[in-house]
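# predicted model and sequence follow; I will ask about them next.
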2 protein chains.
Amino acid sequence: MKKETLILVTNDDGITAPGIRNLIEAVRPLGKVVVVAPDSPQSGKGHAITLGSPLRLNQVDIFEGIEAWTCSGTPVDCVKLARDKILGRRPDICVSGINHGANHSINIIYSGTMSAAMEAAIEGIPSVGFSFLNYAYDADFTVPRQVAQEVTKKMLETALPPHSLFNVNIPDVPLENYKGIRVARQANAKWKEEFDERRDPHGKKYYWLTGEFSNQDFGNDTDVWALENGYTSLVPVQFDLTDYRLKEKLEKEWQFQ
Amino acid sequence: MKKETLILVTNDDGITAPGIRNLIEAVRPLGKVVVVAPDSPQSGKGHAITLGSPLRLNQVDIFEGIEAWTCSGTPVDCVKLARDKILGRRPDICVSGINHGANHSINIIYSGTMSAAMEAAIEGIPSVGFSFLNYAYDADFTVPRQVAQEVTKKMLETALPPHSLFNVNIPDVPLENYKGIRVARQANAKWKEEFDERRDPHGKKYYWLTGEFSNQDFGNDTDVWALENGYTSLVPVQFDLTDYRLKEKLEKEWQFQ
């Protein structure tokens, strides 16, 4: 007898975010869903793990008919705890999101959504993070829900290489202007920081991180290009960070004593 | 007149760690040093940034003759604040560490030391993270200090590509057994998690993250191999995470509606 498909759902906006509810609705027709998500918002947590304090898990009943847990740690902690303490076996896929806001281009480096998915992929679980380019709490998730279902279904049907990981960003366009999914590469972009300097009631300075996104990559094969042109971007992601070109150059040119 | 070389020093173990003091000693003969480091330990923080609360900077006088600041945020916050509020100009290099403990192979993903260096590299500042395979507070930093000086000097003397970033790990071996520096690739390894389950005085469960490192990569060109054989490993690192091989395969084989 074929085992039922097991789908781990997580996110970084926390278990009460509309995005994770929409993701659950999108993937529940595809298998047994188990949710393990942070008990509070964890945006910008990157691949942080909790080393200096212990973690809590609490089962919650907020999604009808779905086993769901909150975790007191980071998105990566959620995936590690799900694997070791909750699921009992390796899930067939890990889906993370749907994030409220973009995680294209360099944002992947800071993203808790993508770090959760990457953690699962490191474990050999095909994984995907979904992000929607709309921050509003009451955003219309019709298109993101369709995309999440289509991509998850495709991933489950395909014999993907082990450790496959996708970064999927969905544009904020009306359904009639939406053009479909494009496989893309990570655009070469960065943030230009400008900290907002203020003074507290005691006269001491403090700083809020703000910044401006700056895309320096004008290729038409990037995730930023796809999104600006009405497409969902799908970037296959790896976690071997070796720069092989620079490695070759150094091996030729650098002599160490 | 040639501008003085400006060196930004940071870490993830916090400003009072012996590792950063040794790094400052190693690089101060090479230029003007400015230190901006976390005011508390930030191990395992990955590429986390602080979005939900403001940040503090405090100037401190703990390294003789060196301008030094503590930051209340993560290692990545330190680099962003240094760039925007302290340095006044782009530094010539950013050095991070010397971390107490290894950041080879997959550990780079979780490492605050490497994330600080990566943040600087994203900004176009040649950067390097140093990690020493010894956790002891009173470890002998003779070899790591030599390595940090040699690599930093080499980087300053070489016309490196923009965004160059190195992950340097130093083995814990006596000087007479130390073999020098090897350029390497990131080994394909992972952690096998086992959470330590306990009960608090109220009978409720909590979990401590523990784990066992598992190297599945037996090549003799990896960072793990170098370290096991008495070498310092130097891995050139990139932050374009696109998996170009998988991208090509998907473009050929996947049809979306």
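That came through, no problem.
# my guess is residue A:116 contacts residue A:94. True?
Yes - between residue A:116 and residue A:94 there is a contact at 7.4 Å, judged by CB atoms under 8 Å. The way it works is simple: take the backbone N, C-alpha and C, and place the C-beta from them, glycine included.
# residue A:51: how many residues sit nearby?
As a burial measure, residue A:51 scores 14 neighbours (other CB atoms under 10 Å in any protein chain shown).
# and it, helix, strand or coil?
coil (DSSP: H, G, I helix; E, B strand; the rest coil).
# which pLDDT value goes with it?
In this prediction, residue A:51 carries a pLDDT score of 89.
# tell me how far it lies from residue B:54.
Relative to residue B:54, residue A:51 is positioned 24 Å away (criterion: CB to CB, to the nearest Å).
# same question for residue A:16.
Residue A:16 sits 24 Å away from residue B:54 when distances are taken as CB to CB.
# which helix of chain A spans the most residues?
helix A:142-157 (DSSP state H).
# which strands or helices does that helix pack on?
Helices and strands in packing contact with helix A:142-157 are listed as helix A:18-27, strand A:93-100, strand A:127-132, strand A:165-170, strand A:180-183, strand A:231-236; criterion 3 or more CB pairs under 8 Å, 6 or more residues apart in numbering or on different chains; DSSP states H and E.
# and the last one, how far out from the chain's middle?
Here strand A:231-236 shows a centroid-to-chain-centroid distance of 13 Å under the convention CA atoms, centre = their mean, to the nearest Å.
# low-confidence stretches in the stretch 151-257 of chain A?
Residues of the stretch 151-257 of chain A that meet the criterion pLDDT under 70 lie in A:257.
# what are the ranges of the strands in it?
Across the stretch 151-257 of chain A, reading from the start of the chain, the strands by DSSP state E, counting those that start in this stretch fall at A:165-170, A:180-183, A:189-193, A:196-199, A:205-208, A:211-215, A:231-236.
# using PDB, list the CA coordinates for the third one.
I take that to be strand A:189-193. What follows is strand A:189-193 as a C-alpha-only set of coordinates in PDB (Å, rounded to 0.1, in the frame of the first residue of the first chain):
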ATOM      1  CA  ALA A 189      20.200  43.300  -6.200                       C
ATOM      2  CA  LYS A 190      20.800  44.700  -2.700                       C
ATOM      3  CA  TRP A 191      19.300  47.100  -0.100                       C
ATOM      4  CA  LYS A 192      20.600  50.500   0.400                       C
ATOM      5  CA  GLU A 193      20.300  51.000   4.200                       C
END
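# quick one, it and strand A:211-215 angle?
150 degrees (axes from the mean of the first three to the mean of the last three CA atoms, to 10 degrees).
# wait, does strand A:189-193 contact chain B?
Yes - applying CB under 8 Å from any CB of the partner chain, one finds that strand A:189-193 is in contact with chain B at A:190, A:193.
# quick one: strands adjacent to that strand?
Strand A:189-193 has the following strand partners under DSSP bridges: strand A:211-215 (antiparallel).
# do the last one as well
Strand A:231-236 has the following strand partners under DSSP bridges: strand A:165-170 (antiparallel), strand A:180-183 (parallel).
# swap in the fourth one?
When sheet partners are counted by DSSP bridges, strand A:196-199 sits next to strand A:205-208 (antiparallel).
# buried stuff in the strand it pairs with?
A:206-207 (16 or more other CB atoms under 10 Å in any protein chain shown).
# which other residues reach it?
Contact partners of strand A:205-208, identified using CB atoms under 8 Å, 6 or more residues apart in numbering or on different chains, comprise A:195-200, B:54-57, B:81, B:85.
# tell me the buried residues within these.
Restricting the contacts of strand A:205-208 to buried positions leaves A:195, B:54-57, B:81, B:85, with burial counted as 16+ other CB under 10 Å.
# just flag the most distant two among these.
When these are compared pair by pair using CB to CB, the farthest-apart members prove to be B:54 and B:85, with a separation of 12.7 Å.
# on that earlier part again, so of the strands of the stretch 151-257 of chain A, which one's packed in deepest?
Between the strands of the stretch 151-257 of chain A, strand A:165-170 has the highest mean count of neighbours, a mean of 28, where neighbours are mean count of other CB atoms under 10 Å in any protein chain shown.
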